[in-house]
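Colleague: The following block contains a protein sequence and its predicted model.
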Protein chains: 4
Amino acid sequence: MYHGLIEDKFADECGVFGIFVNNHAEEIEIARTTFYGLYALQHRGQESAGIAVSNGEEIVLHKAMGLVSEVFSNEHIDSLKGHIAIGHVRYSAAGAAAVVNAQPLVFHYLNGMIGLAQNGSLVNSEALRQRLGTYGSVFQTKSDAEIVANLLARYSQDKLEDALAKCMIDLEGAFALVIMTENCLIGVRDQLGIRPLVLGELKGNYVLASETAAFDTIGATLIRDVEPGEIIVVDKNGLRSTQTANFNKSAHCVFEYIYFARPDSKIDGINVYKARRELGKQLAKEYKIDADLVISVPDSGTAAALGYAEEAGLPFEEGLMKNRYIGRTFIQPTQQMRELGVRLKLNTIPELVQGKRIVMVDDSIVRGTTSKKLVQMLREAGAAEIHMLIASPPTKYSCFYGINTSKKEELIANKMEVEDIAEFIGADSLHYISMEGMVTALERNEDFFCAACFSGHYPVAVDI
Amino acid sequence: MYHGLIEDKFADECGVFGIFVNNHAEEIEIARTTFYGLYALQHRGQESAGIAVSNGEEIVLHKAMGLVSEVFSNEHIDSLKGHIAIGHVRYSAAGAAAVVNAQPLVFHYLNGMIGLAQNGSLVNSEALRQRLGTYGSVFQTKSDAEIVANLLARYSQDKLEDALAKCMIDLEGAFALVIMTENCLIGVRDQLGIRPLVLGELKGNYVLASETAAFDTIGATLIRDVEPGEIIVVDKNGLRSTQTANFNKSAHCVFEYIYFARPDSKIDGINVYKARRELGKQLAKEYKIDADLVISVPDSGTAAALGYAEEAGLPFEEGLMKNRYIGRTFIQPTQQMRELGVRLKLNTIPELVQGKRIVMVDDSIVRGTTSKKLVQMLREAGAAEIHMLIASPPTKYSCFYGINTSKKEELIANKMEVEDIAEFIGADSLHYISMEGMVTALERNEDFFCAACFSGHYPVAVDI
Amino acid sequence: MYHGLIEDKFADECGVFGIFVNNHAEEIEIARTTFYGLYALQHRGQESAGIAVSNGEEIVLHKAMGLVSEVFSNEHIDSLKGHIAIGHVRYSAAGAAAVVNAQPLVFHYLNGMIGLAQNGSLVNSEALRQRLGTYGSVFQTKSDAEIVANLLARYSQDKLEDALAKCMIDLEGAFALVIMTENCLIGVRDQLGIRPLVLGELKGNYVLASETAAFDTIGATLIRDVEPGEIIVVDKNGLRSTQTANFNKSAHCVFEYIYFARPDSKIDGINVYKARRELGKQLAKEYKIDADLVISVPDSGTAAALGYAEEAGLPFEEGLMKNRYIGRTFIQPTQQMRELGVRLKLNTIPELVQGKRIVMVDDSIVRGTTSKKLVQMLREAGAAEIHMLIASPPTKYSCFYGINTSKKEELIANKMEVEDIAEFIGADSLHYISMEGMVTALERNEDFFCAACFSGHYPVAVDI
Amino acid sequence: MYHGLIEDKFADECGVFGIFVNNHAEEIEIARTTFYGLYALQHRGQESAGIAVSNGEEIVLHKAMGLVSEVFSNEHIDSLKGHIAIGHVRYSAAGAAAVVNAQPLVFHYLNGMIGLAQNGSLVNSEALRQRLGTYGSVFQTKSDAEIVANLLARYSQDKLEDALAKCMIDLEGAFALVIMTENCLIGVRDQLGIRPLVLGELKGNYVLASETAAFDTIGATLIRDVEPGEIIVVDKNGLRSTQTANFNKSAHCVFEYIYFARPDSKIDGINVYKARRELGKQLAKEYKIDADLVISVPDSGTAAALGYAEEAGLPFEEGLMKNRYIGRTFIQPTQQMRELGVRLKLNTIPELVQGKRIVMVDDSIVRGTTSKKLVQMLREAGAAEIHMLIASPPTKYSCFYGINTSKKEELIANKMEVEDIAEFIGADSLHYISMEGMVTALERNEDFFCAACFSGHYPVAVDI
């Protein structure tokens, strides 16, 4: 099977969801609601999906490889009864694509059962595995959530939230965790809030999710973001919060705004769609191109392209059309089609671009291979000039915080200067938004964000 | 399973593809090329897919329920060897969803084997079945292609193209047919050209398809549209054409331009994307709304919305966000989510619409249920005014030419005046483009099109 | 996948079932009963299964590739409501393994709908296809049932049973047909009764099946065999019979008794198990072997082996053990295991055979390859002598009446004398029952049976 | 789906296989050989299957729910490359039917990777989980193998075989374990040898399996049984053995001989088929019945029935016929068929039993429900007398050593005297072999076996 249609983009690795139902249980149907919450987070992981539900006595789990809609039938959903649920969607790095690595993970330990679902990545996972190993821990998965569970189990004499607070000292990296026991739901966010986690309300019940889009889909409303370093525990007595970060800092992943998150989500106070539009406007302020029309690389570049067009006073056109039926796997194309390549997914409209000077806006460039094919396609369709504008700075550094970037060496911006990239992709010009411009457009200070993939300044130390 | 996410739109019923390879056979890999041709036509039918291939001696067929990417594995493709192929994607009316109705159909008859794939619908199919029945014909499927095959077999003493020409007298309705024998490929279009069929060239070989988008995907180029009433036969001697319509008329389905066809296709000389954009501009000329921004119902309303925005001088925003992971079936939602309904598929961005006077552009309204929910969602997000503009006239009449419209009684425009529809959907105003405006925007005369779904003037007589 | 475990046996090609429910409908649940009837006939065909049900207005069909238990879920069964049903299991010859060839076939024709399921094979099918073709018939399947349907449709001015009687003149070969319309159930047997068909009663309702084992499974009781040339029509007025054979002859397939039918079935007055036991006794009368013990090739040789052991006064042992989990497909074995070959399916017990003089009884030998491997395995286990006794005469001729024999040239008994076969398989001696002995054991006259595979005397003329 | 066809028998819970390839690697194809080894052990577990392979650097695993032939495709097998493999087939108790519980389990721990596959059950698993839990262990499965892995990891400073020897002190119960690291293969048997484990040789390489039938299938030969309490380690230096049981005792599960093991296996020096035959002879010595014929409940009662018939001088007949196409799940039968019940699986032949006094031999009775239906079926077929003879003593006690017996309260022999059971099942008489008779027939001393299910004397203390 052919996976060649996968986008030349950074890939998010997970989405999480959690709910504790105290009220209106019969209306909410917990597993059904979790299903739809996960379905709204499907863009954060398409490889596996899972839901664990507690009925107060035990935790029952169903998970499998596939999309949310493929993994769960009505029969599965009906078999997951209870009042606490967590869910997970996952996109995995190569080699870890096995059901054993699908989440949630559910464990029996001294104090009962515990389920975990995590978005993000620890940077000290190997060290922790080694240390836990000396105490006799064994690991069946490649998931950091298994490390967290083993670590928690070391503190089983403590109350769970105290144990978690102790664990926070050891857990280095980026993580948004939803955890459940038979009797409570817990949300935890790493001490810099690198990965997103939002708290909402559904008919008097607390819900947790990676993005607010999940709330909209199920009819919940946003209360607030879980704070960096915060542990939120929900049980039948309500919600209580523990703050484990004794500093007042954040390093929210800027790429969530640029590409990962759904445009209709609001994360850490920033509306994603508006942010992308502003990035486009800022691009136009930085680079005024003498052009006839603005097009976008759909779907992720469209908001920025609209912003660019508005600011630049140029018409926006849907110059690239996307086939909406892209599946995850395909038969091998012929050699000739492999050269046509990107046309399986994107096509252009010659009548629109012929003889035109075009600004093509995309959110980012990873290896540049898709950009190159798009430029070539537009040239063949008769475009007079093609100016590529990127609504993020050059991505020069790998992410170690739960994002599946290519290795540093594969990132074109790591290897080439901007002019060389322009030549490689065949564009008449190529411009990236400046770091300052990006930060300005997002209306926050630079230290609000983690922008390590652009700057190489890693907010949590990593061994490279 | 829940099918409630299916769009409130007319539904196309089929896409066809055909290819005869005389040159560069090893590069083309006929079944693989047909697969990708069908994949580009997937929007025309998602229920079943099939490919039949002739090696000059016999025709081999594989078809099944599902998307093109689900139906065919590399193994299937490798087993379909030959130099002539036809393919089909199908969306079926209720009750006919069985693999026996999937196309192509392949028959043994007196002169050998014959395969057929059809887009469209005969209006006299019952009469033909009855008539053929008196001669002893039996029917295993609900497909009109089976009628055509039986009719052709009555003329088996004639050359196939002569037999086809005779059949044309009996076949009333809308149809684009690709037919194959062991040795030739045939394309036929009904005498008014209601359903589209285009002829192209791929490395010196002829290809046929419902839309040019299929050509772009496989690297073929458009030669011309098959003409109304034309029979095109391709064999090892090349292409020959027979014209069976002794009048110079057409009735090209106008809904292909409004909704069905891919925007990047060109059908009967009209570029679909540009047509939709012009429809949007024309709407703006007809209805000047005092508004703050223009949004579209994605994806089909976007081109018209961009045209509207440009003509009206209003900013265009992606005010409705689509979940790109809509599957064909889902678990049942809870009652509460059923009310939220459309949010599973579309979501809005409150920051964008709050306090704004909004023009929402869609291509058409069928039953009005989705429009109603979208208006409600925008109101809840704080929109000050919502003006709905439709880039087609009111759809008042059912189609009998291969489109799965609802029954006439279910079409909201058949039952209500425009103001009542506006009230039903909750919009501050509702405007449809005029018939004259539509024709003007498409830059053809009225009699170029079949617009029976708007006007009730059926170009081929139907028993209603 | 590896199909090398398929037995070296003739293969039956189909089983049929039919039921008309007038009484106790709610207890009987027609599709469920048909499912279990087919399940009891599963040995007659493992490739595809199907059930068609009429509710008096229309016939609904479900069929697919696979075992009965794989093809039908509770959901399928629940969707098949009505009072008349027919069912079919199929084993196909190479090349015809496609769902389009699965039965029942259901047709619309001038007089309504008709469904057919057939066991057997016409010898004049090509001539009939050609003749019907000149009248304009087209064929979608390789099934003779499609020929019958087309033929019947020629007589649509007649009552169905009269039409069928007319068809009987044209249909040459071996066939047991169950046919249904919206309102009646029909059973037909070829004029020599080559293929079996039994009539039974279930709570006041008529049932038809290939074998009585299907009756036992559903709790029905045998009324009688359908007679050669008989047409039985069951409708709401009860049962009526038409005899179309104006001679009093039969040619019941003798291989049903030897191998095909379940031992617990009774066909044309002969109990299959007892018949096999008598064949074993007769073998012992014909060939007295000085041996220590008798073993069988399970499962089909066991009854004869028991008869042999009893008559010969020798102990019977389960000297060959069968793996009960043989699936239809397997991964490829290694070369070494391919040589071990038969051990995947059958294994021996050295302690049992060591130093022993063994009589190994099998029902028949087709190509001799399995026999050869079994003899080798027994030798390796230390058997002193191995005498192979076959409970049927040498199979020298192909069957054209619905049995998937190898081609004549592949039948070892067609190519070699008995002594040479013995040498080929490595046995110390090899003996087949005599024709006379076989007939004697079955307690009928020779002309009661079709024994063409042994004698080459074909009761219905064939072009060889 | 309907599981009602599952036999009224004790159920074995697992089969294990292991291989270390030093020689002829290319001929052996390790995963393929393991597949066929497991396939030969399929009767020991039909719910899930798995294979883990080490290439010296890491262990790769594939496992899933289903039969061996369903779980593995050629593609899976080809992806499992290496020189050490272990495999497992599993039948699970209710509630544990999830892929997470399928084996082998593979763990990362301080010293690398380790894979385990177990047949049997610890009696102190809850205590061990509790104790390990206090040290921080967490458990994802219900498998005892996970306990063993956690225990082993506590001793990671020791050499693996020393660690294992230490673990043996803690592991109470019945277990045959095959374990692998990246570099070695280990076989362990509990200190009383309750569960079987045999050591063999395949082209100069060591293999381990639950039964010798696996050796026959792959062409390996038996070296010897692994001894009670023995740890066998195979690595590139060859085989070494450690004996951890400081007493010379055994308690081999007697039910392996009675029912579980394949008749063609040899376990702990006893040939299973011959043992069953001797049990039948012994039965005949103990109970001389004045009867006409002997039949068996196939397949497990047949060997004993043949022994009975020989000793009693009565003819043996296949009076009960088994449908060979029993699947694991079925659609629900109708109520009426539920009453017919057993006929879906077993049918009788009236001609054979009519008026006859019958001895029916079975290996054991669990709840008596199937026996009751068989007696009823034989009576309806006209049997004059039915005497049931059981080739094992009454099963009165539950097994805690890896066998899925019903709860003690559900065992009919626990609740009723023999005469009452006879009355319940409707037999004219019912006789079980005596404990002494059983032991005599098996030609060992009583203390050779574990016969706790008959005697209630548990060789390893259990909390009941």
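Modeller: Nice, I can see it.
Colleague: domain assignment for chain A?
Modeller: For chain A, the domain assignment from automatic domain parsing gives the residue ranges A:11-250, A:276-444.
Colleague: I'd like to know which of those domains lies nearest to residue D:297.
Modeller: domain A:11-250 (35.1 Å; Cβ to Cβ). Placement of C-beta: from N, CA and C, glycine included.
Colleague: Can you lay out the domains of chain A as TSV showing mean pLDDT and distance to residue D:376?
Modeller: Below are the domains of chain A laid out as TSV (pLDDT from 0 to 100; distance: least, Cβ to Cβ, whole Å):
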stretch	mean pLDDT	distance to residue D:376
domain A:11-250	93	35
domain A:276-444	92	54
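Colleague: now the lengthiest strand in chain A, how far from the chain's geometric center?
Modeller: Criterion DSSP state E: the longest strand present in chain A is strand A:112-122. Offset of strand A:112-122 from its chain centre (Cα atoms, centre = their mean, to the nearest Å): 17 Å.
Colleague: Quick one: list the elements packing against the helix or strand following that strand.
Modeller: Counting by DSSP states H and E, the element after strand A:112-122 in chain order, helix or strand, is helix A:125-134. On a contact count with 3 or more Cβ pairs under 8 Å, 6 or more residues apart in numbering or on different chains; DSSP states H and E, helix A:125-134 meets helix A:144-154, strand D:105-109.
Colleague: hey, where'd the helices end up in the stretch 301-450 of chain A?
Modeller: A:302-312, A:335-340, A:350-353, A:369-380, A:412-415, A:418-425, A:435-441 (DSSP state H, counting those that start in this stretch).
Colleague: picking that back up, turn the helices and strands packed on helix A:125-134 into TSV, columns for distance to chain C and mean neighbour count.
Modeller: As requested, the helices and strands packed on helix A:125-134 are exported to TSV (distance: least, Cβ to the nearest Cβ, whole Å; neighbours: other Cβ atoms under 10 Å in any protein chain shown):
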stretch	distance to chain C	mean neighbour count
helix A:144-154	32	24
strand D:105-109	21	23
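Colleague: what about the ones you listed, which gets the closest to chain B?
Modeller: helix A:144-154 (23.5 Å; Cβ to the nearest Cβ).
Colleague: Where does the stretch 351-464 of chain A get nearest to chain B, which residue?
Modeller: residue A:351 (4.6 Å).
Colleague: Can you list the buried residues in stretch A:192-206?
Modeller: A:192-200, A:202-203, A:205-206 (16 or more other Cβ atoms under 10 Å in any protein chain shown).
Colleague: Just give the closest residue to the residue sitting furthest away from the middle of chain A, not the sequence neighbours.
Modeller: The centre of chain A is farthest from one residue, residue A:355, which by Cα atoms, centre = their mean lies 38.3 Å away. Using Cβ to Cβ, 6 or more residues apart in numbering or on different chains and skipping the chain neighbours, the partner closest in space to residue A:355 is residue A:384 (5.3 Å).
Colleague: Need the three-state assignment for the residue in chain A positioned nearest to chain C.
Modeller: Proximity to chain C, evaluated over chain A using Cβ to the nearest Cβ, is greatest for residue A:75 at 10.8 Å. Under DSSP: H, G, I helix; E, B strand; the rest coil, residue A:75 falls in the helix class.
Colleague: From chain B, how far out is it?
Modeller: 9 Å (Cβ to the nearest Cβ, to the nearest Å).
Colleague: Repeat that for residue A:251.
Modeller: Counting by Cβ to the nearest Cβ - residue A:251 and chain B are separated by 24 Å.
Colleague: That residue against residue A:189, yeah?
Modeller: No: using Cβ atoms under 8 Å, residue A:251 is not in contact with residue A:189; the gap is 11.4 Å.
Colleague: still on that earlier bit, so can I have CSV of the buried residues of stretch A:192-206 showing secondary structure and distance to chain C?
Modeller: As requested, those are arranged in CSV below (DSSP: H, G, I helix; E, B strand; the rest coil; distance: Cβ to the nearest Cβ, whole Å):
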residue, secondary structure, distance to chain C
A:192, coil, 50
A:193, coil, 48
A:194, coil, 46
A:195, coil, 41
A:196, coil, 41
A:197, coil, 40
A:198, strand, 39
A:199, strand, 41
A:200, strand, 37
A:202, strand, 33
A:203, coil, 33
A:205, strand, 34
A:206, strand, 37
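Colleague: Enumerate every residue touching residue A:260.
Modeller: Counting by Cβ atoms under 8 Å, 6 or more residues apart in numbering or on different chains, residue A:260 touches A:10, A:12, A:43-44, A:253, A:403.
Colleague: so which of those residues are also by chain B?
Modeller: residue A:43 (Cβ under 8 Å from any Cβ of the partner chain).
Colleague: Just the buried subset of the contacts of residue A:260, written out for PyMOL, thanks.
Modeller: Selection of buried members from the contacts of residue A:260 for PyMOL, criterion 16+ other Cβ under 10 Å:
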select buried, chain A and resi 10+12+43+44+253+403
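Colleague: Pull the most distant pair out of the contacts of residue A:260.
Modeller: A:43 and A:253 (15.0 Å).
Colleague: gap between stretch A:429-448 and the chain center?
Modeller: 20 Å.
Colleague: any common contacting residues for residue A:251 and residue A:189?
Modeller: With Cβ under 8 Å, 6+ apart as the test, residue A:251 and residue A:189 both reach residue A:228.
Colleague: quick one: the strands in the stretch 351-464 of chain A?
Modeller: Assigned strands in the stretch 351-464 of chain A, in chain order: A:357-362, A:385-390, A:403-404, A:429-432, A:449-450 (criterion: DSSP state E, counting those that start in this stretch).
Colleague: between these, which gets nearest to residue B:415?
Modeller: strand A:357-362 (44.0 Å).
Colleague: the inter-axis angle of that closest one versus helix A:369-380?
Modeller: Angle, strand A:357-362 to helix A:369-380, by axes from the mean of the first three to the mean of the last three Cα atoms, to 10 degrees: 160 degrees.
Colleague: Okay, buried residues for strand A:357-362 please.
Modeller: A:357-362.
Colleague: Repeat that for stretch A:236-253.
Modeller: A:244-245, A:250-253.
Colleague: Now, these that are in strands?
Modeller: A:252-253.
Colleague: Now flag whichever of the buried residues of stretch A:236-253 is closest to chain B.
Modeller: Once Cβ to the nearest Cβ is applied, the member of the buried residues of stretch A:236-253 that ends up nearest chain B is residue A:252, at 18.0 Å.
Colleague: Ignoring the adjacent residues along the chain, who's closest to that closest one?
Modeller: Going by Cβ to Cβ, 6+ apart, residue A:252 has residue A:268 as its nearest residue, at 4.9 Å.
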